[in-house]
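A.B. asks: predicted model and sequence below, questions to follow.
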Amino acid sequence: MALRALQFGAGKIGRGFLAQLYARSGFETVFVEARADLVASLNRHRACWIEWTDGVRETITPVAAIDARDTDAVAEAFAQAAVASTAVGVSALPTLAPLIAAGLRRRAAENPTPLNLLLGENALDAHTRLQTALLEQLAPHEQPLLTQLGLVRCIIGRQAVAELPGDPPGVRVDRYSKLPVDADALIGEPPPIAGLQPVRPFEVYMQRKLYLHNGLHALVAYLGAQKGYQTIQQALQDAEIHALFMQGANALTRAFLKKHPFDPVEHEEAVHDILARIQDPHLDDPIARVAREPLRKLRPDDRLVGAYKLLVEQGEDATPFRRAILAALAYNDPTDPESQQLQAWVRERGAEWVLREWCGLERF
């Protein structure tokens, strides 16, 4: 019988990345998903699929799915899982706490062994958010159950750019297959998952991914939106945007080597890989996808402001990220609630207030 991986969330990262790594490693993936039609489709076919950016398709099997409202079935699957993971969005992570708490109780009774829960949320505070929510769900005498649960933050680097029509729907993805995880949070041996790379200190690797990959991606998106482009690839054809993109990349590369003890060869390879994947001409990545939720992306330690502050701190030219922050302040997507909140603040209180009170930039 195949080892089982319990995957909370059957979205683009759940189906398009984590399940694929599990299948390559000999696991069956059991999804926990709120969309009843998707649960039914996954159970009917016992498979899902991805399409690489070059058009080649890969089937992922075996898979199954549980309706997220079926607490008893989720708890039983949690009790028997060899590994578990999430990809639900960091803001939704606390909503999983009742299910995980039920799973911890069942596991303690039926299979009292440690479990690593991989938090595929690309957030430095993912573990503390979930732990806080779990402590609220567990009675004081149950809280020692948490010592048997590794809350393991992950760096999700694969680009999952689109959901494709089908039964079940597919996911269009690039071929990046590494999964760096927080080495210090793992309980016992790392799970035998293809591509899993325990790293320490995790925060430094996460920051590199956030500023270089997500930051440069956002830079292109907001500058591109300002000029009316629809995709990242269109924006990168603009000479001015491409020059700012490369200028920002080179400045960040130097800043990270000044501040952190990365191996220079490994660092250069990582940066080269990030730049190549952002510029992949086959991605056709919508700017609306990359630019959505601008308030989150303008937080003091997130991809734009954090990168800007690092460049200033290390004496590098921060102009590209300064331009990107100003473009983000002007981003107006009528379908994005965060964009509309941001525009209301700019109208009512001014851009300087947003920079000072939201972004934490006293001088800009």
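C.D. replies: Noted; the coordinates are in hand. Numbers count the residues shown, from 1 in each chain.

A.B. asks: show me what counts as buried in stretch 273-282.
C.D. replies: I274, L275, R277, I278, Q279, D280 (16 or more other CB atoms under 10 Å). Just so you know, the C-beta spots here come from the backbone N, C-alpha and C atoms, and that holds for glycine as well.

A.B. asks: what about the second one, which SS state?
C.D. replies: It stands for L275. helix (DSSP: H, G, I helix; E, B strand; the rest coil).

A.B. asks: cool, and F17?
C.D. replies: Under three-state DSSP, the three-state class of F17 is helix.

A.B. asks: so which helix or strand takes in the spatially closest residue to it that is not a sequence neighbour?
C.D. replies: Nearest residue to F17 in three dimensions, chain neighbours excluded: R158, at 4.4 Å (CB to CB, 6 or more residues apart in numbering). Assessed by DSSP states H and E, R158 sits outside every helix and strand.

A.B. asks: and R158, what does it touch?
C.D. replies: By CB atoms under 8 Å, 6 or more residues apart in numbering, R158 lies in contact with I13, G16, F17, V173, D174, Y176, S177.

A.B. asks: I'd like to know which of the residues you listed are buried.
C.D. replies: By neighbour count, with 16+ other CB under 10 Å, these hold I13, G16, F17, V173, D174, Y176 as buried.

A.B. asks: in a strand, that's where T29 is, yeah?
C.D. replies: Yes - according to three-state DSSP, T29 belongs to a strand.

A.B. asks: just send the buried ones among the contacts of R158 back as JSON lines, with pLDDT and distance to L304 too.
C.D. replies: Output for the buried ones among the contacts of R158, formatted as JSON lines (pLDDT from 0 to 100; distance: CB to CB, whole Å):
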{"residue": "I13", "pLDDT": "98", "distance to L304": "22"}
{"residue": "G16", "pLDDT": "98", "distance to L304": "26"}
{"residue": "F17", "pLDDT": "98", "distance to L304": "24"}
{"residue": "V173", "pLDDT": "95", "distance to L304": "25"}
{"residue": "D174", "pLDDT": "94", "distance to L304": "22"}
{"residue": "Y176", "pLDDT": "95", "distance to L304": "22"}
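
A.B. asks: can I get the buried residues of stretch 273-282 in JSON lines including distance to L329 and pLDDT?
C.D. replies: Shown next, in JSON lines, are the buried residues of stretch 273-282 (distance: CB to CB, whole Å; pLDDT from 0 to 100):
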{"residue": "I274", "distance to L329": "25", "pLDDT": "95"}
{"residue": "L275", "distance to L329": "26", "pLDDT": "95"}
{"residue": "R277", "distance to L329": "27", "pLDDT": "93"}
{"residue": "I278", "distance to L329": "22", "pLDDT": "94"}
{"residue": "Q279", "distance to L329": "26", "pLDDT": "93"}
{"residue": "D280", "distance to L329": "28", "pLDDT": "90"}
